[in-house]
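>>> missing the sequence, but the structure's below:
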């Protein structure tokens with residue numbers, strides 16, 4: 001009986017996780033709080049996949065009933081965010097606008113001394129690391145919550161306690 005009630009509270013947990021994913025993904029469009037980089041298309045390409053807005057955000061809000069879709073969409077956010085984190089930011093270097101750390105296979109994450117390669121936007125390396133890491137954590141939590149919800153729904157169906165008809169007074 002406790003597992004059935006827990007399934008309902010997990011659904012409530014998905015809503016704030018989805019809202020935070022949307023907010024964090026929107027912040028990725030404005031490195032260091034500046035709008036000029038988004039308008040001039042000088043952002044990390046993985047930001048344009050809308051992983052936090054669409055897949056870990058809006059689709060989670062619309063698909064609380066469809067937890068399996070939630071697993072796929074938040075899993076997508078997790079993978080794309082991890083790829084964006086490993087690739088590093090799109091920034092202006094001495095050689096122009098480029099992915100300054102693309103060839104490092106993510107090693108730049110542990111070597112902050114090379115972050116100075118990015119001249120503009122200011123603090124874009126930290127900005128991307130923090131926000132992509134938050135998206136990874138949020139979408140990872142969403143995957144776990146959705147997996148639990150699917151398991152609860154499957155156990156209800158397989159054990160015969162799943163009801164399509166809503167019965168008043170029955171929880």
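Structure's in. What do you need? In this text the structure is predicted, and so the values were computed from the model without any measurement. Residues are numbered from 1 along each chain as shown.

>>> all strands of this structure, in order?
Ranges of strands in the chain, per DSSP state E, are 90-93, 96-99.

>>> Distance from the last one to the middle of the chain?
The offset between the C-alpha centroid of strand 96-99 and the centroid of the whole chain comes to 25 Å, using CA atoms, centre = their mean, to the nearest Å.

>>> strand partners of that strand, parallel vs antiparallel please.
Looking at strand 96-99 with DSSP bridges, its partner strands are strand 90-93 (antiparallel).

>>> Tell me which residues of the strand it pairs with come out buried.
90, 91, 92 (16 or more other CB atoms under 10 Å). Just so you know, the C-beta spots here come from the backbone N, C-alpha and C atoms, and that holds for glycine as well.

>>> and the residue nearest the centre of the chain, what is it in contact with?
Nearest to the geometric centre of the chain sits residue 135, at 3.6 Å (CA atoms, centre = their mean). By CB atoms under 8 Å, 6 or more residues apart in numbering, residue 135 lies in contact with 21, 24, 25, 51, 52, 56, 77, 78, 81.

>>> ranking those residues by neighbours, who comes first?
Greatest neighbour count in these, by other CB atoms under 10 Å, goes to residue 56: 34 neighbours.

>>> Could you report the separation of the closest residue to it other than its chain neighbours from residue 96?
With sequence-adjacent residues excluded and distances taken as CB to CB, 6 or more residues apart in numbering, residue 56 is closest to residue 77, at 3.4 Å. Going from residue 77 to residue 96 by CB to CB, to the nearest Å gives 30 Å.

>>> Then residue 86?
22 Å.

>>> Tell me which of these two has more neighbours.
Neighbours around residue 86 and residue 96, counted as other CB under 10 Å, are more numerous at residue 86. The numbers are 17 against 6.

>>> I figured that one was touching residue 107, is that so?
No: in terms of CB atoms under 8 Å, residue 86 does not count as a neighbour of residue 107; the distance is 9.5 Å.

>>> Go through the longest helix anywhere in the chain and flag the buried ones.
As assigned by DSSP state H, the longest helix anywhere in the chain is helix 124-159. Across helix 124-159, burial judged by 16+ other CB under 10 Å covers 124-125, 127-129, 131-132, 134-136, 138-143, 145-150, 152.
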